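Peer 1: just the structure for this:
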Amino acid sequence: MNELFPIIDAALESAAERSGTWLACKPGCHQCCVGVFPVSPLDVESLREGLASLGEELRGTVLARAATSRERLRALGFPGNDETGELFTEEQHEEAFEEFANDEVCPALDPATGTCDVYAWRPVQCRTFGPPMRDEDDHLTVCELCFVNAPAEDVARCEMDQSWRDEEYALIEKAEERAAFPGPTVVAFALR
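Peer 2: As a prediction, the model looks like this:
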């Protein structure tokens, strides 16, 4: 597990403590596990480490779910290289990705329990989804299930500290140097 995750997890824990009952996230809640999103080469390394650590039977189950997911994503017109999984290999792919596979369930999700089979190795986005966070446009965003009808000052008070972002970007750069391709992919292609 990379050295960044304990820092992110501590920031998440702090935000969760301040959020109290406004934060709906708990084991079995998995709305955030539906719909594809880009993962970095750093996330890919972590996911593959997690996959390798699973017992043979569970690893086979996750690999089968990932293979089935990749086939569905290819059939939908994967916005990138549908063999390697590299996203955004052509200019129009970024726009196509905005509405792409929003109903696709993450292959790491155990459908019986609603929990992640590689939870300790989950991507950064999975670690940070739920509590109030600043997006790339500096808007404070939250999961639609959390902070329902919360006063704006409560949302702002619970914002997750993201001072770890520079370290994340540095680690992504190093992971890109080791990766088969430097761009993002999705979980279904990472898990193989």
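Peer 1: now tell me what touches stretch 64-72 from outside.
Peer 2: Contacts to stretch 64-72, defined as C-beta atoms under 8 Å, 6 or more residues apart in numbering, come from residues 85, 101, 104, 105, 106, 107, 108, 187, 188, 189, 191, 192. From N, CA and C alone the C-beta is placed, and that goes for glycine too.
Peer 1: list the contacts for the fourth one?
Peer 2: When contacts are counted by C-beta under 8 Å, 6+ apart, residue 105 is found next to 33, 34, 69, 111.
Peer 1: if we go to 7 Å?
Peer 2: By C-beta atoms under 7 Å, 6 or more residues apart in numbering, the contact list for residue 105 reads 33, 34.
Peer 1: start at 8 instead
Peer 2: I'll keep to 8 as the first residue from here, and by that count the last item is residue 112.
Peer 1: phi and psi next, for it.
Peer 2: phi -80, psi 140 (degrees, to the nearest 10).
Peer 1: for residue 152, see how far away it is.
Peer 2: The gap separating residue 112 from residue 152 is 17 Å, by C-beta to C-beta, to the nearest Å.
Peer 1: equivalent analysis for the fifth one, please.
Peer 2: Applying C-beta to C-beta, one obtains 17 Å for the distance of residue 113 from residue 152.
Peer 1: need the phi and psi values for residue 102.
Peer 2: According to degrees, to the nearest 10, residue 102 has phi -70, psi -40.
Peer 1: looking at residue 113 and residue 152, which has the bigger crowd around it?
Peer 2: Using other C-beta atoms under 10 Å, the more surrounded residue of residue 113 and residue 152 is residue 113, with 25 against 13.
Peer 1: how about the longest helix along the chain: buried residues?
Peer 2: Assignment by DSSP state H gives helix 63-82 as the longest helix of the chain. Neighbour counts using 16 or more other C-beta atoms under 10 Å place 66, 69, 72, 73, 76, 77, 80 of helix 63-82 among the buried residues.
Peer 1: once you drop chain neighbours, what's closest to the first one?
Peer 2: Translated: residue 66. Spatial nearest neighbour of residue 66, excluding adjacent residues (C-beta to C-beta, 6 or more residues apart in numbering): residue 58 at 6.0 Å.
Peer 1: do you know how far the one you found is from residue 194?
Peer 2: Residue 58 is 11 Å from residue 194, by C-beta to C-beta.
Peer 1: give me the more crowded residue out of the two.
Peer 2: Taking neighbours as other C-beta under 10 Å, residue 58 and residue 194 compare with residue 194 leading, 27 against 20.
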